[in-house]
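> Below are the sequence and a predicted model; questions follow.
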Amino acid sequence: MTDKNQGKTVAIDENGKGGECRPQEHSLTEVEQNSVKEATLAPPGVERRFRQTDLPAHFIERRKHPRISTEQPPVPAPPLFEDYAPIIGKPELDEIRFLARHLRGKTVKMVNSTALGGGVAEILNRLIPLMNELEVLTRWDVITGGNDFFEVTKGFHNALHGGEYNLTQQIQDIFTAYSEQNRKRMEFAEDLIVIHDPQPVGLVRSKSEMQGKWIWRCHIDLSNPHPGVWDFMKPMVEQYDATIFSAAAFTRQLSTPQYLFYPSIDPLSEKNKELPDEYINKVCDDFGIDRSRPVITQISRFDRLKDPVGVVEAYKLVKKYVDCQLVLAGGGATDDPEGAVVLQEVMESAGDDPDIIVLNLPPWSALEINALQRASTVIVQKSLKEGFGLTVTEGLWKEKPVVAGAVGGITSQIVHKLTGVLVHSVEGCAYQIRYLLTHPEFAAQLGKNGKAHAKENFLITVSLKRWLVLFQILLGMARPNAIL
């Protein structure tokens, strides 16, 4: 973990030398539940019509009418801290306990914009129970807003990634009004308040010198933001006591200290735990996937920055040389109003190709996504912009060869031709997929290297340790060792 303060980079020693507390359960409001249904379960508006093929009838039927669960299953109990010992070893667990010991009884509030959908919600769902088990008492709040607010924040998201945007006074007023509405609704009496991403950044107006330390955790790439949007947001960011980014290249010149954290996955979550082959076969049967032929898969929200249409184009180039299937699986999030439009674009691009399987999944499909990734021959994440790309991490953890856009935090995960392959175009993506499908030994070695890389750097236990060290620093319990 590093601290970047006004041009100097400082390394933080994580080797500083933790009861049972039940984790807070987060429930959705009725408005949020309705938003989830609209974002993830609404029909796309374009019915797929498949051309006549030699494919067995039951595959065609499943692809027309996949068996997608419409009811959320019971939420499983989160794994206990001790359950990670077989994965990372007992000495590593003992070190984390030692760090947590100094923070027992301290209180933390995490705030983001959605309880379902997207990597931030996934991380918080796993991180918060672990913190509570270690007696670092952590709560999770979600901001609320109307469609106008989330349309604005989606526009901000794209603009902060470098997109064009017309920042009018009306847009600024909408953002400010909802920020004030949420600020007045919430209380901030905790020792540490962590605000995730731009949507709730304005809550910092509740900061008081007499209260806790405020941290802004930015999960997106700010290397080339829209000047107007960044100028609007920067004064709010600089009120925080610390900021956290996912890569050094994402940072901006700020007066507040900056820290570098990789996002993480939970190897014991529904999305990443080991699965029996019988279950994987069942999921493939439910969705019409033929496991006897290669499967190319991209799992992501239907977002233009994930370039799902580009993936379809790459698949069509590969298909000229290698018989294969493409699975595009994802859904929406309550803070992303563009999902349905992008999904329709994908359906139109797929056309009548019977080997393109498009799945609009609800946010409780973690087990199904896990099964899809494990059934895949190659996993793709052809992002055009990316904060980090946890779907890449998931593919690495499952020992799959991953082909991904050479953007954002993906380049921290994929060392080209060592832990995966990086691409810059549709044609490059197609070439690398074709090569992996025709060189299975090389693909298998990439998978092994990728899993080792993920284990060392991107598991939730690594992230947990970093949070504990940072909390101690901000509360004056520990000091970083300064290096150039």
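Structure's in. What do you need? Residues are numbered from 1 along each chain as shown.
> C-alpha from now on. contacts and neighbour counts both.
Noted.
> all helices for the stretch 151-300 of the chain, in order.
Per DSSP state H, counting those that start in this stretch, the stretch 151-300 of the chain carries helices over the ranges 169-185, 227-237, 277-287.
> The ones you listed: which one's closest to G389?
helix 227-237 (22.4 Å; Cα to Cα).
> same for the closest one, what does it pack against?
Helix 227-237 is packed against helix 147-160, with contacts defined by 3 or more Cα pairs under 8 Å, 6 or more residues apart in numbering; DSSP states H and E.
> Same question for the closest residue in space to A121 that isn't next to it in sequence, what's its three-state structure.
Using Cα to Cα, 6 or more residues apart in numbering and skipping residues adjacent in sequence, the residue nearest A121 is A115, 5.5 Å away. Secondary structure for A115, judged by DSSP: H, G, I helix; E, B strand; the rest coil, is coil.
> And R126, how far from A454?
17 Å (Cα to Cα, to the nearest Å).
> Between the two, point out the one with more neighbours.
Per other Cα atoms under 10 Å, whichever of R126 and A454 has more neighbours is A454, with 23 against 18.
> part of a strand, is that one?
No. The assignment for A454, made by three-state DSSP, is helix rather than a strand.
> give me the number of residues near the residue nearest to G163 when sequence neighbours are not counted?
Nearest in space to G163, with sequence neighbours left out and distances taken as Cα to Cα, 6+ apart, is H226 at 6.5 Å. Residues contacting H226 under the criterion other Cα under 10 Å number 21.
> same check, this time on D352
As a measure of burial, D352 has 15 neighbours, counting by other Cα under 10 Å.
> Please look at it and R49 and confirm they touch.
Yes. Assessed by Cα atoms under 8 Å, D352 is found in contact with R49 at 5.3 Å.
> Give me the below-cutoff pLDDT ranges for the chain.
For the chain, the stretches flagged by pLDDT under 70 are 1-48, 52, 209-210, 332-337, 479-484.
> Report the central residue of it.
G119 (2.3 Å; Cα atoms, centre = their mean).
> List the contacts of it.
L390 (Cα atoms under 8 Å, 6 or more residues apart in numbering).
> can we see that at 10 Å?
Going by Cα atoms under 10 Å, 6 or more residues apart in numbering, G119 touches N125, H219, P263, S264, I265, S300, F388, G389, L390, T391.
> I'd like those residues laid out as a markdown table, including distance to Q413.
Shown next, in a markdown table, are these (distance: Cα to Cα, whole Å):
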| residue | distance to Q413 |
| --- | --- |
| N125 | 22 |
| H219 | 15 |
| P263 | 11 |
| S264 | 11 |
| I265 | 13 |
| S300 | 17 |
| F388 | 8 |
| G389 | 9 |
| L390 | 10 |
| T391 | 11 |
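> Just give me the closest of those to Q239.
Nearest member of the contacts of G119 to Q239, counting by Cα to Cα, is H219, at 18.1 Å.
> how many neighbours does the nearest residue to the closest one once chain neighbours are set aside have?
Using Cα to Cα, 6+ apart and skipping residues adjacent in sequence, the residue nearest H219 is G387, 5.5 Å away. Here the number of neighbours of G387 (other Cα under 10 Å) works out to 21.
> Surely G387 and T251 touch.
No. Assessed by Cα atoms under 10 Å, G387 is found out of contact with T251, at 11.5 Å.
> Residues in contact with both of these two, list them for me.
C218, I220, D221, L222, F245.
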